[in-house]
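[1] Return a 3D structure for these sequence lines:
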Amino acid sequence: MADTMKGLKRTHYCGEVIQPGGEAVVGGFVDRIRNKGGVIFIVLRDRTGVVQLLFNDETDRELFEKAASCRSEYVLMAKGEVRERESKNPNLPTGNVEIFVSDLRILAKAQTPPFEIVSDSNVNEELRLKYRYLDLRREPLQRNIIMRHELARVTREYFYENGFLEIETPMMMKSTPEGARDYLIPSRVHQGKFYALPQSPQIYKQLLMISGYDRYIQLARCFRDEDLRADRQPEFTQIDLEMSFVDSEDIQECVEGFVKRVFSKLMHVDIPLPLPRLTFADAMERYGSDKPDTRFGFEIQDITETVKDIDFVVFKNAIAEGGSVRAINIKDGAATYTRKEIDKLTEHAKGIGAKGLAYIRWADEPNCSFKKFLADGDLERICEAVGAAQGDLVLICADRTKTVLSTLGALRLIAGKRLNIIPEDKYNFLWITEMPFFEHDDDNNTWVAAHHPFTMPMEECLEYLDADPANVRAKAWDLVLNGTELSSGSMRITDYELQQKMFEALGMTDEEIQAKFGFLVDAYKYAAPPHGGMGIGLDRLAMIMCKAESLRDVTAFPKVQNASELMSECPSTVDDDSLAVLGIRVVENEAE
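    Next comes the predicted model:
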């Protein structure tokens, strides 16, 4: 039978026992045991760190035998004198002391864990996720979860100080189109009807602005039924904010202050303000991405004019069809990128949609993949145009400009990682502004909203909203950190007539507008202040701050690629009686 805590009260966390002298009572899990016959050392672990417990020939014999019976992951409480260690460990905050135990309680015994609870575990991730409660005992994950907590704490403090009200919005709401599939909840009372889990609190926070709560903040849980990636989970936390009587610059300035506070308090890093800005068009031209990593170079360069007279059909066809020829110069890349490595890059380019990849590899002398098509001086002009020198590798793509930019943008990142030139301890924040208002759906040859339908177009674009959708820019922006999109924000439409026009531009009928957004449209009839806001991905920010590989590493109980949770084995089936109450039955998929 397990011991009890009776008569013992914890006085210190393990990581807090740093000075010799006095008594301490600690509790935690057995991290490791060293039994040297006449001396036993037990390293006890809690979320703050570890401390060493000592048992020797001065210890009561019964107590010594109890210590000898302990195993890894047992839950103990121990009381004793804090002494200076004979053999110190300078790598531990508690490495100068140990507790000479006078009272030991075994509160719970543990089976042998399915894997060792150590910091540098190389155990299969699926096994660790199945036993997530054990995995969460490991120091790296505990450190990440605590950092995420600290991020949430500093977030609330900052926004409270700046006059924001924290207001909760519903978790069960009306299904509205916001870009991804909704998670739906069937109603028992209103059979045949469904609630949706919020993809974001977008509509509610706009209603709060209409209601007069001019500064709103919420650490909002959001849900999106979409394919997962390393930086995506079906449920996530968003630092959601909205502000009235402001313009874009006011919102961005407020968020910049938040960024500076967080990195100063939690990372001891000074983020210079104001943050740099790039328009969407410039970001695509220079980096081939709307979320560029600016910690290194290899920028895209347009060499269309330089190569337009070269008799190379790949270049000629691309230019003739309205495309372009562009290049990136991978400085000092020739030694790393052999012909075999370049072939891998070519296959990657084709996977993105490019027809192929041309290159100039300048090791001892320039080796050009299209050399037979060049006239005297052509190679020198290309190298000069991109700033290539001996040791460099130039990658060239010719195609539709959209394809060229996305291809070279992806290859730029691959090369940066392959050459190991991206500094880990550098934090490059960047605003991407003047986002396109519409996106072209090539499959259906139509224009669709690039953002939610309440995003304000820039005033100078209103006159050609119908006539030239490709050139309509939005009062919208993204916040990017080291190539990861942290946030999207925009000013909102507050004019009733303009909002109707926007719905019409998106091909929505009056019936659809009323069915999906009727309550918000009606609210605008009663006047709305100018407002805008953002949603900052708390999980993504935590992931970067913790230098984690995946959102799973900063989420206590994450889902895997197929949106299931391995530990609890959800989603799961539901019995027929539970479904009948909801007026639902499961039918087999005919495709199966």
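[2] A349 belongs to a helix, doesn't it?
    Yes: counting by DSSP: H, G, I helix; E, B strand; the rest coil, A349 is part of a helix.
[3] Now do the same for it: its pLDDT.
    According to the per-residue confidence, A349 scores 94 in pLDDT.
[4] Against R492, how distant is it?
    According to C-beta to C-beta, to the nearest Å, A349 stands 39 Å off from R492. Heads up, the C-betas are built off the backbone N, CA and C, glycines and all.
[5] so where is this structure shaky, pLDDT-wise?
    In the predicted model, the chain carries pLDDT under 70 at residues 177-179, 230, 447-450, 462-467, 505, 590-592.
[6] what are the ranges of the helices in the stretch 51-200 of the chain?
    61-68, 125-130, 132-135, 139-161 (DSSP state H, counting those that start in this stretch).
[7] As JSON lines, these with mean neighbour count would be great.
    Output for the helices of the stretch 51-200 of the chain, formatted as JSON lines (neighbours: other C-beta atoms under 10 Å):
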{"stretch": "helix 61-68", "mean neighbour count": "14"}
{"stretch": "helix 125-130", "mean neighbour count": "15"}
{"stretch": "helix 132-135", "mean neighbour count": "16"}
{"stretch": "helix 139-161", "mean neighbour count": "17"}
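[8] Format those helices as CSV; extra columns: distance to Q111.
    As requested, those are exported to CSV (distance: least, C-beta to C-beta, whole Å):
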stretch, distance to Q111
helix 61-68, 19
helix 125-130, 15
helix 132-135, 11
helix 139-161, 21
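[9] closest to Q561 out of the ones you listed?
    Judged by C-beta to C-beta, the one of those that comes nearest to Q561 is helix 125-130, at 10.5 Å.
[10] How about residues contacting the closest one?
    With contact meaning C-beta atoms under 8 Å, 6 or more residues apart in numbering, helix 125-130 is reached by 114-115, 121, 134-135, 552, 558, 560, 565-567.
[11] try stretch 140-158
    With contacts defined as C-beta under 8 Å, 6+ apart, stretch 140-158 is touched by 47, 119, 135-136, 166, 217, 219, 237, 239, 257-258, 261-262, 265-266, 538-539, 541-542, 545-546, 548, 553-554, 556.
[12] Quick check on these: which are buried?
    Buried members of the contacts of stretch 140-158, counted by 16 or more other C-beta atoms under 10 Å: 135-136, 217, 219, 237, 239, 258, 261-262, 538-539, 541-542, 545-546, 548, 553-554.
[13] Take those residues and keep only those in strands.
    217, 219, 237, 239 (DSSP state E).
[14] Farthest-apart pair in those residues, please.
    Using C-beta to C-beta, the two most remote members of these are I217 and T237, lying 12.7 Å apart.
[15] Which residues are in contact with each of the two?
    Residues touching both I217 and T237 (C-beta under 8 Å, 6+ apart): there are none.
[16] can you pull the contacts of Q390?
    Per C-beta under 8 Å, 6+ apart, neighbours of Q390: 334, 362-364.
[17] Restricted to buried residues, select those in PyMOL.
    Remark: buried members of the contacts of Q390, expressed as a PyMOL selection using 16+ other C-beta under 10 Å:
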select buried, resi 334+362
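[18] The host helix or strand of F519: which residues count as buried?
    When secondary structure is defined by DSSP states H and E, F519 falls within helix 510-524. Using 16+ other C-beta under 10 Å as the test for burial, helix 510-524 gives 513, 516-517, 520, 523-524.
[19] Looking at those residues, which is nearest K372?
    Of those, the one sitting nearest to K372 (C-beta to C-beta) turns out to be K516, at 59.2 Å.
[20] Next up, the contacts around the closest residue to V39 other than its chain neighbours.
    Leaving aside its sequence neighbours, V39 sits nearest to N56 (C-beta to C-beta, 6 or more residues apart in numbering; 4.8 Å). Neighbour list for N56: 38-40, 100 [criterion: C-beta under 8 Å, 6+ apart].
[21] biggest separation within those, which pair?
    Within those, G38 and F100 form the most distant pair, 14.3 Å apart (C-beta to C-beta).
[22] which of those two has more neighbours?
    F100 (16 against 10; other C-beta atoms under 10 Å).
[23] show me what contacts the more buried one?
    If you count contacts by C-beta under 8 Å, 6+ apart, then F100 has 54, 56, 58-59, 80-81, 83 around it.
[24] Filter the residues you listed down to the ones in strands?
    Those of those lying in strands (DSSP E): 54, 80-81, 83.
[25] closest to D392 among those?
    Closest approach between the ones in strands among the contacts of F100 and D392, by C-beta to C-beta: L54, at 61.0 Å.
[26] hang on, isn't the closest one packed against S102?
    No: using C-beta atoms under 8 Å, L54 makes no contact with S102, being 10.7 Å away.
[27] Tell me which of these two has more neighbours.
    Per other C-beta under 10 Å, whichever of L54 and S102 has more neighbours is L54, with 22 against 14.
[28] Quickly list what that one is bridged to.
    F41, F100 (DSSP bridges).
[29] now it: how far from P529?
    As defined by C-beta to C-beta, L54 lies at a distance of 66 Å from P529.
[30] repeat for Q218
    Counting by C-beta to C-beta, the gap from Q218 to P529 is 19 Å.
[31] the more surrounded of the two?
    Shown here are Q218 and P529; by other C-beta under 10 Å, Q218 has more neighbours (23 against 13).
[32] That one and L165: what is the separation?
    Distance from Q218 to L165, by C-beta to C-beta: 9 Å.
[33] And S69, by the same measure?
    Separation of S69 from L165 (C-beta to C-beta): 55 Å.
[34] Please say which of the two ends up with more neighbours.
    The neighbour comparison of S69 against L165 (other C-beta under 10 Å) goes to L165, with 13 against 9.
[35] OK, contacts around the more buried one?
    213, 215-217.
[36] next one: E565
    With C-beta under 8 Å, 6+ apart, E565 has these contacts: 129, 557-559.
[37] change it to 7 Å
    Residues near E565 by C-beta atoms under 7 Å, 6 or more residues apart in numbering: 557, 559.
[38] Roughly how far does it sit from T494?
    For E565 relative to T494 (C-beta to C-beta), the value is 41 Å.
[39] got a list of what D332 touches?
    When contacts are taken as C-beta under 7 Å, 6+ apart, D332 is in contact with 391-392.
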